[in-house]
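Enquirer: fold the stuff below for me.
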Amino acid sequence: MRKVLPVLAVLPFLVSGCISTATSIVKAPFQVAGKAVDWTTTSQEESDRNYGKKMRKQEAEEGKQRKELAKRCNKDPQRSECGQYQGYRAGN
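Expert: As a prediction, this is how the structure comes out:
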């Protein structure tokens with residue numbers, strides 16, 4: 001009995017490594033599944049960032065078109081497309 005008592009005192013320290021390894025093995029599939037969901041879904045922040053980028057590109061393109069129209073209208077104001085400026089409308 002005296003030899004068993006010291007082994008029982010040390011046993012929790014020896015088993016703690018095994019328990020943490022077993023815990024990480026059990027948690028691994030859930031962590032992988034969580035990463036897969038993160039990769040396949042778009043967060044609200046990412047969606048907002050992508051929308052902003054799309055709108056900036058569209059606004060830049062519309063600005064170029066507006067400058068080209070202004071240049072053509074300055075050369076020939078009698079063109080049918082050279083009416084009064086109606087203002088900028090994003091998304092049209």
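
Enquirer: C-alpha from now on. contacts and neighbour counts both.
Expert: Noted.

Enquirer: please enumerate the helices of this protein.
Expert: Here the chain has its helices, by DSSP state H, at 4-40, 44-75.

Enquirer: which one of those has the poorest average confidence?
Expert: Lowest mean pLDDT of those: helix 4-40, a mean of 70.

Enquirer: on that earlier part again, got a markdown table for the helices of the chain, with mean neighbour count and distance to residue 82 too?
Expert: Shown next, in a markdown table, are the helices of the chain (neighbours: other CA atoms under 10 Å; distance: least, CA to CA, whole Å):
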| stretch | mean neighbour count | distance to residue 82 |
| --- | --- | --- |
| helix 4-40 | 11 | 48 |
| helix 44-75 | 13 | 6 |
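
Enquirer: those helices: which one's closest to residue 81?
Expert: Smallest distance to residue 81 across those (CA to CA): 8.0 Å, for helix 44-75.

Enquirer: quick check, pLDDT for residue 1.
Expert: Value for residue 1, per-residue pLDDT: 50.

Enquirer: and residue 77, backbone torsions?
Expert: For residue 77, the backbone dihedrals (degrees, to the nearest 10) come out as phi -70, psi -10.

Enquirer: neighbours around it, how many?
Expert: Other residues near residue 77 number 13, with proximity taken as other CA atoms under 10 Å.

Enquirer: with residue 79 instead?
Expert: 11.

Enquirer: how far away is it from residue 70?
Expert: Using CA to CA, to the nearest Å, residue 79 is found at 11 Å from residue 70.

Enquirer: repeat for residue 58
Expert: Look at residue 58 and residue 70: by CA to CA, they are 18 Å apart.

Enquirer: before we move on, what about residue 40?
Expert: 45 Å.

Enquirer: swap in residue 38?
Expert: Distance, residue 38 to residue 70, using CA to CA: 47 Å.
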